[in-house]
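Q: after the sequence you'll find the predicted model.
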There are 2 protein chains.
Amino acid sequence: MLNNPRKSREDILDLAVPLFAKSGFDGVSIRNVASQIELTPAALYYHFKDKEALYFETVKHAFETKTSAAKDLIDNGDEVFANLEKFINWFVTTLNRDNDFQKLLQWVLLDSNPKRMQSLVKDVFSDLFLTTRKLAESFSPRYDPQMLSISIIGLVLCHFQSEEGRKFLPGRKAIHDKPQVISAHIIKLLKNGLAPAC
Amino acid sequence: MLNNPRKSREDILDLAVPLFAKSGFDGVSIRNVASQIELTPAALYYHFKDKEALYFETVKHAFETKTSAAKDLIDNGDEVFANLEKFINWFVTTLNRDNDFQKLLQWVLLDSNPKRMQSLVKDVFSDLFLTTRKLAESFSPRYDPQMLSISIIGLVLCHFQSEEGRKFLPGRKAIHDKPQVISAHIIKLLKNGLAPAC
DNA sequence: GTCTATACCATGATAGAC
DNA sequence: GTCTATCATGGTATAGAC
């Protein structure tokens, strides 16, 4: 292993993101990360206290740039369905562009360590949730804002969460992976539901 | 470790299910499983070729009893919304009763090993998907059946997937975890959407 | 800030006795 | 069918030289 040009914390995190996104906390070793970065494990421990800290910072880093953009999206002056469409389009586009972001979100929600999940949810997921909740409140009291937030996030997320698995199911078509198609499907379903127009 | 009464394959799988459900393939060791079953690792290897085989059989076992019940649920003679309600109620009830089932489904979809994911999706998930697809076809051509299936499954799943994480978010209420409430919310949303009734 | 070297423990898996 | 014993490998983490 050679004496590499010094890596910044950010360089390390950038390279750790896809690893943890693919295999989660337990599926990635310090040695894996170190070799990806072209550093030794010992050098990694100079930058991060332990594996938990590295993982936490990695997830936080991957979320940081994303969810801040969503905040400014919902405009209280706008019509409610305009806000809904803006949000769905933004969320679908974001998940489509950055597969790691979507994967890490799943790992957070599946985390087998409750303490780790708690800090990640609070630190990393609550921004996105609160933005969705603000949107969902437009449909109160007809819908419970909390439940509607979960439904909206889940409805978007599932199309990406299932992307790899769907490849092995019958009836697959390429258009099901296209962000514009996914976006349109979700907006139509959320707006009108399944009942025939009256 | 004592000479225990002989365990059958099924006894082992029953006890392995909650372990893999909590921590996934990488988060569970052969020793973890062995000690839970009160056997030695060597005894486990008598029953299963390797860890992959144990995991595969465990997930398959957890799904077996569940998804077969769904098949008989959708009655072509029935009105479409009656079938939809029956399905949602069944799925919500099933996920609520058996948390392991829901967790394992998530692990399958997040699996970092494509070959393992493929066999699990084909062998274990396709039944549930095809049942949902049959239901979704009632709403064709207004909705693409493939995409609608994913949306329906995702809409139900997300309320359970987020159950632990939601505890750490503001606005939490106990009713959001109740199966009847979740069921009613989803059915209402799927039927009517967010647009005001006309 | 990165290296070499290493401590120490957990892992998947097997051989062979009973 | 289960045990004890063992192996090779890989895991997290640290000490100390440069």
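A: Received the coordinates, thanks.

Q: what average pLDDT does the longest helix seen in chain A get?
A: What stands out as the longest helix in chain A, according to DSSP state H, is helix A:51-71. Mean pLDDT, helix A:51-71: 91.

Q: and whatever helix or strand comes next after it, what's buried?
A: Going down the chain from helix A:51-71, the next helix or strand is helix A:80-97, by DSSP states H and E. In terms of neighbour count (16 or more other C-beta atoms under 10 Å in any protein chain shown), helix A:80-97 has its buried residues at A:83-92, A:94-96. Glycine gets a C-beta too; all of them are placed from N, C-alpha and C.

Q: quick check, the least confident helix or strand in chain A by mean pLDDT touching DNA strand D?
A: One helix or strand of chain A scores below all others by mean pLDDT, DSSP states H and E: helix A:51-71, with a mean of 91. Yes: for helix A:51-71 and DNA strand D, the contact criterion (C-beta under 7 Å from any atom of the strand) is met by A:Lys51, A:Glu52.

Q: again, but for stretch A:31-44
A: Yes: using C-beta under 7 Å from any atom of the strand, stretch A:31-44 reaches DNA strand D at A:Arg31, A:Asn32, A:Pro41, A:Ala42.

Q: ok, and the closest non-adjacent residue to the second one?
A: This means A:Asn32. Once flanking residues are discounted, A:Asn32 sits nearest to A:Leu19: 6.0 Å by C-beta to C-beta, 6 or more residues apart in numbering or on different chains.

Q: let me see the ranges of the strands in chain A.
A: Using DSSP state E, chain A contains no strands.

Q: what residue is smack in the middle of it?
A: Nearest to the mean C-alpha position of chain A, by C-alpha atoms, centre = their mean, lies A:Gln102 at 3.5 Å.

Q: quick one: residues contacting the residue lying closest to A:Lys60 once chain neighbours are set aside.
A: Excluding the flanking residues, the one nearest A:Lys60 by C-beta to C-beta, 6+ apart is A:Val124, at 5.5 Å. Applying C-beta atoms under 8 Å, 6 or more residues apart in numbering or on different chains, we find A:Val124 in contact with A:Val59, A:Lys60, A:Phe63, A:Val108.

Q: pull out the buried residues from those residues.
A: Buried members of the contacts of A:Val124, scored by 16+ other C-beta under 10 Å, are A:Val59, A:Phe63, A:Val108.

Q: nearest spatial neighbour of A:Arg116, skipping sequence neighbours?
A: Of all residues not flanking A:Arg116 in the chain, A:Glu52 sits nearest, at 6.8 Å (C-beta to C-beta, 6+ apart).

Q: one step back: contacting chain B as well, which ones from the buried residues of helix A:80-97?
A: Residues of the buried residues of helix A:80-97 in contact with chain B (C-beta under 8 Å from any C-beta of the partner chain): A:Leu84.

Q: ok so, going back, closest to DNA strand C among the buried ones among the contacts of A:Val124?
A: A:Val59 (20.9 Å; C-beta to the nearest atom of the strand).

Q: my guess is that closest one contacts A:Leu120. True?
A: Yes: A:Val59 is within contact range of A:Leu120, at 5.8 Å (criterion: C-beta atoms under 8 Å).

Q: any residues in contact with both of the two?
A: A:Val108.

Q: can you give me the helices in chain A?
A: With DSSP H as the criterion, chain A has helices at A:9-27, A:30-37, A:41-47, A:51-71, A:80-97, A:99-110, A:114-120, A:126-136, A:145-161, A:163-166, A:179-192.

Q: who does the fourth one touch, helix- and strand-wise?
A: Helix A:51-71 makes packing contacts with helix A:9-27, helix A:30-37, helix A:80-97, helix A:99-110, helix A:114-120, helix A:126-136 when contacts are defined by 3 or more C-beta pairs under 8 Å, 6 or more residues apart in numbering or on different chains; DSSP states H and E.
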